[in-house]
Structure formats: structure tokens, C-alpha cells
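# requesting a structural model of the entry that follows:
(2 chains)
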Amino acid sequence: MATTENTLAKPDQDRPVAACRIEGLSHRHGTRTAVDNVSFSIERGQMVALVGQSGAGKTTLLRIITGMIEPSSGSVELLGRDPGKISDLAERTRLVGMMQQRLDLVSQLSARHNVDAGMLGRWNLLKSLAYLALPFTHPPSMAALASVGLEARANERVSRLSGGEQQRVALARVLVQDPQVIVADEPVASLDPDLASDLLGLLRKIATERDRTVIASIHDPVLASRHFDRVIGVREGGVQFDVPAEALTREMLGQLYERKTGNGDGDSGEAADGRLLWGI
Amino acid sequence: MGSLNAALEPVSARWRNRFPGSRAQLTLLLLAAFTWSFFSIESPGGIIHTGGVDALTEIAGAFVTPDLTPGYLGMVIGDAWTTLSFAVAGMTVAVLLGVPMGVLASGVLQSGRFRRLGVMAGARGVLAVLRAVHEIVWAILFVAAFGLSPAAGVLAIGIPYAGIIGRILAERLQDAPPEPLASLRASGASAFEVLAYGRIPASAADVISYAFYRFECAVRAAAVLSFVGLGGLGLRISTALDDLAFERMWTPVFALVVLVVGIDLWSSQIRRRLLR
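Reported below is the predicted structural model:
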């Protein structure tokens, strides 16, 4: 795996630096407010799930955290630094990495080259072209593929892999990049429950063993409460609740997923979520 | 085709609304112009040559009895080789010149807005000039410049084809799906790495299969260029026609067909492998 020695701020004893500190964050697309005055702070090594309806602003929030989007107002600090202001690519990719949805892989390239792409911030052009064109494999990429159970399919084109396999390739890419803060947008959305648990277990192992922080949007509240330390409910761009996973209740989720108009819709939404929540 | 129609639909609908009935009127106008053109051609004895039917019958009769004597066949195979060599050399020039120009014309490597627009406009302008002039015109120019040398034939094919390949490549590179590219940038890829890991893989299959189609065109062009005096299948066809030896004309025509079909088979095999 890539070296973890770098110049990132270490938590000192007087005032520990949060892995992720967000203050008064807002973002507007034109007239629509995608993220509305969000503030929270996440400790190192924590796994935090964002839950909420699609369109609630989770993806935008995650993209702001990685520095891909500049927020309209407010601040983001990852280990004391604003990711949007780090111009050195190698340094930024060691600080934060985003696991994208599977649509964001290059479908014409093999699985292992898609994983190699996690190294592009640290490789110079010659090295990246050599790994692309020559038949040598990059051992950490192969190890990352092995850890998601895909080493046998390393040379397969991504377009020939199933949805779940593609998602695992995306996870392997972020594993090989090995950032301090792993941001994941629906990392297990198209996986069957066993595989989803395996992969979230893998993220947990990395978070614990290497003291990495994981922030992920999760579709399924059951998985969120089982595998994460803390669950943040996002609704209409704002934080509706922010609780330890074990304190999550049906009522919170019912309100989070409640439809905007009409009480009847809200009731049926709650019933549907109640079924989902048998597992808690 | 379906998506093309869908893309054109709103525009044509807008035009229809603005000029009701204009499509029928335009059709009538064009038909009238077409009919009139027949009567406007000044030609002694009309445009249909009465002796033509006899000549056509003779040519068609020779179709089934091409000259396949070993001596002549050997010459035709040699000509086919010459034509193929011109086509391959011409395509090599086209790719070597067209690919870098196409990358520049796509503007994907420049980050500054003004610099990108400048480089794009410059490269697109050069590509437009290259492909605006037909290969035969280039051939006449180069033959005038350095006489009947192979270089004239190779450049005559390579230069306009570089313009075409560069343009297609530029468009495909620009049209690569944006999500994977954004993801590569988020992993810290430079513009050149995004090109190598994202844009080129996404456009390779299309561009390569188009280049193969162009290779077929290059074989045809090389045959035609041999009329200009560069040797090859076209010269053989024209010599046979001058002698009214139609059996001898069909042999190089068939050789041309064999070349084109061969390239077609090869390209579909490669395309299948690329898309697999």
C-alpha cells in the first residue's frame, strides 16, 4: 500500500484536529439550495453515514467535502486543511479520496487500470502511461482488487463486469489511493446484502487499523445503523438529525423520509420504512 | 439514425412552424431544377450517347471472362501491391499527423480558457484546410512540385486524410462521458492522464473503426491517383480501357474489390475485439 507518511497535520494533545469539520456550509445550484447551512465535526477513525431521500443533497455535500465543488458559503476542513485549496495533487489525494458511483469508472479500461487510476495523483505521466501500456501490474492495485474479491477479473474490461463488481472496482480504486478521509457516494447501492456487509466490514477494518475516517451516503438505514458509528439524516439540504448509530429510531427515519405534501403519503412512507427497520 | 432524427426533430419542427408548407414547395423547386438541368447541358447529339449500349454490352460480357493468364495476373498483383503500399503509407502519414492535431483541436489539454480557445481554433483551422482540398488536387499540386515521385502520392493521400481523422478524433475526445473524467480528476489525474486513462479509451473503438473505413477510401484513392501517373491498379484499368481490352480491365477491378473486402473483414474483426 501507499506510504502513509506525509505532511498532514497530526492531532496535538491540547486541541485534537477533527478529521472533518464543516461550518455553516451552504451551496446553491442556480436558485435551488442543495446544501443549507450544514455544520458538523467528525473525529478521526469514525465511520459516519449520511441518510436521506434521493435529492436531499447528500451527493453535493460529499463532493464539497472532497473539494470537487466549491461551496457557495461556509467552510470545510479535513485534518485542519481546506481540501479545495490544496493545489498539490499528490498531497490532496493522500488527504481525501472519493469512491464514486459505478458510472464513474472508465468502462473501456480493465478493472486493474481503473484501480491504478487511484494512483494518478502520485504517478508522473511517464509512470502512468507505462502502467497503462506495458503488461506490468502494480502490486498494490492487485492487492486492492484481491481485498474486494476481484483479483481473478483484474484484466476484464469494466463494461463486462456486473453492477456489483463495478462497485467493488470503485472501492478498490479508493483503497489503493488510501486517503486519510474516505468519502463514498452510495458505496453499496447495487450490491446484495451479504456483499454490502462484507464491503462495509472492509471499510470498518481500514478505519480501525489505519485510523482512516469514512463518510458515506447510504441508501439503506439498516446498513447505516449496523456498520457505522454515527448517522446523519439529511433532508432538503439541511441536517435533520445527527445521532450515534445505536440511538437511531424509527420515528427519526419516518420523519426523514416523510413526503413533503400530504399526511397520507407520510404515513405510507413510514410504513415502508418500518418494514426496512425490522433489522434494527 | 433514430437518435439523429430525435436530435433534429425540434429544429425541423420549428422551421415547419415558421414556414408552413415550405417543405413541399422546396421539393417541387428542386425537382424542377433537376429536370431543367437535363435540357441545359449543351452536348452534340444529346447527353445519351447512342453507341453506349453496344460498349456497355461488351464491357458486361467481359465481366465473366476477366483476363486471368498468369503473366497478366502477376502484373495485376504487383499493381495491387503498389496501390496498397500507397494506401498504407498515406494512412501512416494521416495518423501521425492527424492524431496530434486532433488532440490539439479537441482542446482537452489546455486549461486556460483563452489559451484553449486559441489552440483549438488554430488546430481546427489547419485541419479544415487539410481536408478542404481533395486528394486529387493535392496530388496535382505535389506532382507539379516534385514530379512523379512516390512521395507525391503518399502525401496526396496522407494530408487530406489527416484533416479528416484529426477532426473525428477531436470530436470523439470532446464527447467522452464526463462522469468518469471527473472521477479521474478527483483521483488527482493531470489533463494528459485524463486523456490517456479516460478520453482515449472511451473514443478508441469509434476512431479506429473510422480510420479503417478511411483506409478503404485510401485504397480507392490510391487506385485513382495512379491515373495521375503514379502506377498501380488505376493505371492498369485506364490502360486496358484505352486499348478497349475489357477482359484486361476487369482483372484489376476485381483486385480492387478483393483489397477493399479484405480490409473490411480485418476492420470488423478488430472492431469486434475492441468492443468485446
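# look up phi and psi at the residue in chain B that chain A sits nearest to.
Among all residues of chain B, B:Gly188 sits closest to chain A, at 2.0 Å; criterion: C-beta to the nearest C-beta. No exception for glycine: its C-beta is placed from N, CA and C like everyone else's. Dihedral angles of B:Gly188 (phi, psi; degrees, to the nearest 10) stand at phi 90, psi 20.
# same check on A:Asn37?
Main-chain torsions, A:Asn37, degrees, to the nearest 10: phi 50, psi 60.
# check it and give its pLDDT.
Note on A:Asn37: pLDDT of 89.
# circling back to that earlier point, could you check how far the residue nearest to the residue of chain B closest to chain A when sequence neighbours are not counted is from A:Pro71?
Leaving aside its sequence neighbours, B:Gly188 sits nearest to A:Gly121 (C-beta to C-beta, 6 or more residues apart in numbering or on different chains; 2.0 Å). A:Gly121 sits 22 Å away from A:Pro71, taking C-beta to C-beta, to the nearest Å as the criterion.
# count of neighbours near the closest residue to chain B within chain A?
Using C-beta to the nearest C-beta, the single residue of chain A nearest to chain B is A:Gly121, 2.0 Å away. Per other C-beta atoms under 10 Å in any protein chain shown, the neighbour tally for A:Gly121 reads 24.
# can you tell me the SS state at it?
Judged by DSSP: H, G, I helix; E, B strand; the rest coil, the three-state class of A:Gly121 is coil.
# residue contacts, it?
A:Gly121 makes contact with A:89-90, A:92-94, A:177, B:187-189, according to C-beta atoms under 8 Å, 6 or more residues apart in numbering or on different chains.
# now do 7 Å
Applying C-beta atoms under 7 Å, 6 or more residues apart in numbering or on different chains to A:Gly121 gives the contacts A:89-90, A:92-93, B:187-188.
# pLDDT wise, what is it at?
89.
# look up how far A:Ile64 lies from it.
In this view, A:Gly121 and A:Ile64 are 19 Å apart by C-beta to C-beta.
# which ones are touching A:Ala245?
A:Ala245 neighbours (C-beta under 7 Å, 6+ apart): A:225, A:228-231.
# need the residues that contact stretch B:100-111.
Residues contacting stretch B:100-111 (C-beta under 7 Å, 6+ apart): B:116, B:119-120, B:123-124, B:126-127, B:162, B:165-167, B:169-170, B:173-174, B:191-192, B:195, B:199.
# so which of the residues you listed also contact chain A?
Applying C-beta under 7 Å from any C-beta of the partner chain to the contacts of stretch B:100-111, one finds that B:Phe192 fall near chain A.
# so which of the contacts of stretch B:100-111 are in strands?
Members of the contacts of stretch B:100-111 lying in strands (criterion: DSSP state E): none.
# now A:Ala184: which helix or strand?
Element membership of A:Ala184, judged by DSSP states H and E, is strand A:181-185.
# could you point out which element follows that strand?
Past strand A:181-185, the next helix or strand by DSSP H and E is helix A:193-210.
# got the buried residues for that next one?
In terms of neighbour count (16 or more other C-beta atoms under 10 Å in any protein chain shown), helix A:193-210 has its buried residues at A:195-196, A:199-200, A:202-203, A:206-207.
# rebuild those residues as a markdown table, extending it with distance to chain B.
Formatted as a markdown table, the buried residues of helix A:193-210 follow (distance: C-beta to the nearest C-beta, whole Å):
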| residue | distance to chain B |
| --- | --- |
| A:Leu195 | 22 |
| A:Ala196 | 21 |
| A:Leu199 | 18 |
| A:Leu200 | 21 |
| A:Leu202 | 19 |
| A:Leu203 | 18 |
| A:Ile206 | 17 |
| A:Ala207 | 20 |
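# how about the residues of the stretch 151-276 of chain B near chain A?
So far as C-beta under 7 Å from any C-beta goes, the stretch 151-276 of chain B lies against chain A at B:179-180, B:182-184, B:186-190, B:192-193, B:196-198, B:201-202, B:204.
# and the strands in chain A?
Along chain A, the segments classed as strands by DSSP E run A:20-29, A:32-42, A:47-51, A:73-78, A:96-99, A:181-185, A:213-217, A:230-235, A:238-244.
# how far is the longest one from where the chain is centred?
In this case it means strand A:32-42. Put simply, strand A:32-42 sits 16 Å off its chain's centre (C-alpha atoms, centre = their mean, to the nearest Å).
# tell me the mean pLDDT over the helix ranked longest in chain B?
Counting residues, the longest helix in chain B under DSSP state H turns out to be helix B:70-106. The pLDDT scores in helix B:70-106 average 95.
# cool, and stretch A:169-189?
Taken as a whole, stretch A:169-189 carries a mean pLDDT of 91.
# anything in it near chain B?
Yes: judged by C-beta under 7 Å from any C-beta, stretch A:169-189 comes into contact with chain B through A:173, A:177.
# first-to-last residue distance for that stretch?
In stretch A:169-189, first residue to last residue: 14 Å (C-alpha to C-alpha, to the nearest Å).
# show me the contacts for B:Leu84.
With C-beta under 7 Å, 6+ apart, B:Leu84 has these contacts: B:219, B:259.
# mind picking out the helix or strand in chain A with the poorest mean pLDDT?
Lowest by mean pLDDT, DSSP states H and E among the helices and strands of chain A is helix A:263-276, with a mean of 43.
# buried residues, stretch B:181-200. List them.
With burial defined by 16+ other C-beta under 10 Å, the residues of stretch B:181-200 counted as buried are B:181-190, B:193-200.
# actually stretch A:24-34, sorry about that
A:25-27, A:33-34.
# next: stretch B:150-168.
Neighbour-count burial for stretch B:150-168, counted by 16+ other C-beta under 10 Å, picks out B:152-168.
# could you do stretch A:83-101 as well?
The neighbour-count check on stretch A:83-101 (16+ other C-beta under 10 Å) flags A:83-84, A:86, A:89-101 as buried.
# cool, stretch A:240-248 as well?
Neighbour-count burial for stretch A:240-248 flags A:240-242, A:245, A:248 (criterion: 16+ other C-beta under 10 Å).
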